[in-house]
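Enquirer: model the structure of this input:
(one chain, ligands or ions: 2)
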Amino acid sequence: MAFKSILLRFSRECVGEPVISNLVRKHGIEINILRARIHPSEEGRMLAQVNGSEDQISAALEYLSSSGVEIHLPESSFIWREKKCVHCGACAGICPSGAFTLCSETFEVEFDISKCILCELCIEVCYYSAIQSVEDYIETRGVKK
Ligand code: SF4
Ligand code: SF4
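Expert: Ligands and ions are numbered 1, 2, ... in the order given. This is a model prediction of the structure:
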């Protein structure tokens, strides 16, 4: 089984279509929606995790793409901008999974993406804006898939 985070952008034309229910029905994947902003007649966004075999996930992504959904595949739901980080340790103090930790030897924070459960508590506590949500990052940088 594979596990992927996906960030989807729905155009105005496809925002009213049952794309996600078709995705689950046709491709048998599990989808865990972490955040969604969908309004009728406006562009929509969704951050989700999908679970399934590699084949199921790649067929699901093809289906999304053919339905007019723009897909980004972030490694996480946020970007850690190390250059802005002052290693205050606030993220390590709140991180429930141990993905952010403070090294007792260097007094610097370390990040292990494999432990991250995408709760995003770290974004809220970072006073220095060193952690930015992927949606904001894509919005400000215009990053394409
Ligand atoms: S809260 Fe922000 S500035 Fe502080 S250690 Fe974490 S990422 Fe760095
Ligand atoms: S999103 Fe949650 S689990 Fe992941 S690093 Fe931030 S606080 Fe830790």
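Enquirer: so which bits of stretch 17-34 are buried?
Expert: 19-20, 23, 27, 29, 31 (16 or more other C-beta atoms under 10 Å). To be clear about C-beta, it is placed using only N, CA and C from the backbone, and glycine gets the same treatment.
Enquirer: nearest to ligand 2 among these?
Expert: Ile31 (18.8 Å; C-beta to the nearest ligand atom).
Enquirer: contact partners for the closest one?
Expert: Counting by C-beta atoms under 8 Å, 6 or more residues apart in numbering, Ile31 touches 20, 23-24, 48-51.
Enquirer: what is the nearest of those to ligand 1?
Expert: Nearest member of the contacts of Ile31 to ligand 1, counting by C-beta to the nearest ligand atom, is Gln49, at 22.4 Å.
Enquirer: ok, now which ones touch that closest one?
Expert: Applying C-beta under 8 Å, 6+ apart, the residues near Gln49 are 3-6, 31-32, 34, 118.
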